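J.: I would like to see how this sequence folds:
(one chain, ligands or ions: 1)
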Amino acid sequence: MSIAVTGATGNVGGRVARLLADEGVTQLLVARDPGKLPDLPNATKVRGADYSDKAGVQSALTGADTLLLVSARESANRVQEHTTAIDAAIAAGVSRIVYLSFLGAAPECTFTFGRDHWHTEQYLRSTGVPFVALRDSMYNSGFPAMTGQDGVLRGPAGDGAVSAVSLDDIAEVAARVLRDNAFDGQVLDVTGPEAITVAEAARLLSEVTGREITYHAETEAEAYESRAHYGAPEFEVAGWVTSYTAIAAGELGVVSDTVPRLTGHPAQSVAEFLRTNPDSYAHLLA
Ligand SMILES: NC(=O)c1ccc[n+]([C@@H]2O[C@H](COP(=O)([O-])OP(=O)(O)OC[C@H]3O[C@@H](n4cnc5c(N)ncnc54)[C@H](OP(=O)(O)O)[C@@H]3O)[C@@H](O)[C@H]2O)c1
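T.: Numbers count the residues shown, from 1 in each chain. Got it, this is the predicted structure:
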């Protein structure tokens, strides 16, 4: 069995590649710049292409039978990028695809980027290729990452809760389903062990940093205003803001048993993540 791992220069793909290497799995690591790929045993580095380049992706994936398709960086035409990459994979002879989706993916879900994932899942289903969609929740590393230097975690999440999950757990689940076709045809929610509010996350951050971290529940208008200075395109700012309004709407509070069921250990909580990853909040220490 040869597994191709896209996004292997990134958070999820990189972790999956290391786990597969530890298991002695033969893999193709695909990146637009192979020089950025890790050196791993039984892994061949392959020059990939942007997902929108069908010929380039097809050539990169030739020889692989199972593919981890890490979703593309958010763009205005991400669904088309994904469908092109899927077509390329099938043309290259890939016979199973594990796709990194997002919790609550639906055609009208509040989180605008989640809609891209739903359309991609629909396309995968229409091709008939065996696939697994891993609908991961928000990363628990997102809480410290989204907290400003001023110690304020801002967003229009209201009192909603999110079942934030660790990257390590997502990767472990992905590595399991890549090696085991028992999950083919399933859509799996990949979440942490509980749903916590953003205010609770701020409290946990206060504990580990030793300074007061607060949550400011922005209005939606405030959220667009406070992010305007980044000068990002409209679709991107909408994705940032709606990641919080989706929490407020209760769409990211689902807790699943996927992590314990597939890995044999409990899913990591936000508290445990912060305790074991001080680097994640180093920018908040004076
Ligand atoms: N659950 C969450 O909280 C959360 C948070 C952020 C993002 N995400 C989504 O989950 C995906 C994976 O997350 P991550 O944390 O592993 O992201 P990451 O660290 O940014 O890695 C993304 C990887 O995908 C590759 N990639 C991105 N766009 C591509 C394209 N158009 N064509 C080909 N390769 C492309 C990148 O390759 P290069 O090295 O060639 O750039 C990189 O290796 C992200 O792309 C995003 O869609 C989820």
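
J.: just the helices in this protein please.
T.: According to DSSP state H, the chain carries its helices in the segments 11-22, 54-61, 78-92, 112-127, 142-146, 167-179, 198-209, 220-227, 234-248, 258-263, 270-276.

J.: so for the ligand, which of these sits nearest?
T.: Set against the ligand and scored by Cβ to the nearest ligand atom, the helices of the chain come closest in helix 11-22, at 3.3 Å. Every residue, glycine included, has its C-beta placed from N, CA and C.

J.: pull the contacting residues for the closest residue to the ligand within the chain.
T.: For the chain, the nearest residue to the ligand under the criterion Cβ to the nearest ligand atom is residue 10, separated by 2.0 Å. Each residue near residue 10 by Cβ atoms under 8 Å, 6 or more residues apart in numbering is listed here: residue 70.

J.: so which of the helices of the chain is the most surrounded?
T.: Of the helices of the chain, the one with the most neighbours on average (mean count of other Cβ atoms under 10 Å) is helix 167-179, at a mean of 23.

J.: returning to what we had before: present the helices of the chain as JSON lines; the columns should include mean pLDDT.
T.: Converted to JSON lines, the helices of the chain look like this (pLDDT from 0 to 100):
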{"stretch": "helix 11-22", "mean pLDDT": "98"}
{"stretch": "helix 54-61", "mean pLDDT": "98"}
{"stretch": "helix 78-92", "mean pLDDT": "98"}
{"stretch": "helix 112-127", "mean pLDDT": "98"}
{"stretch": "helix 142-146", "mean pLDDT": "97"}
{"stretch": "helix 167-179", "mean pLDDT": "98"}
{"stretch": "helix 198-209", "mean pLDDT": "98"}
{"stretch": "helix 220-227", "mean pLDDT": "96"}
{"stretch": "helix 234-248", "mean pLDDT": "97"}
{"stretch": "helix 258-263", "mean pLDDT": "98"}
{"stretch": "helix 270-276", "mean pLDDT": "98"}
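
J.: residues from the stretch 1-150 of the chain in reach of the ligand?
T.: By Cβ under 6 Å from any ligand atom, the part of the stretch 1-150 of the chain that sits against the ligand consists of 6-7, 9-13, 31-33, 36, 50-51, 70-74, 81, 100, 136, 138-139, 142.

J.: I am finished for the moment; much appreciated.
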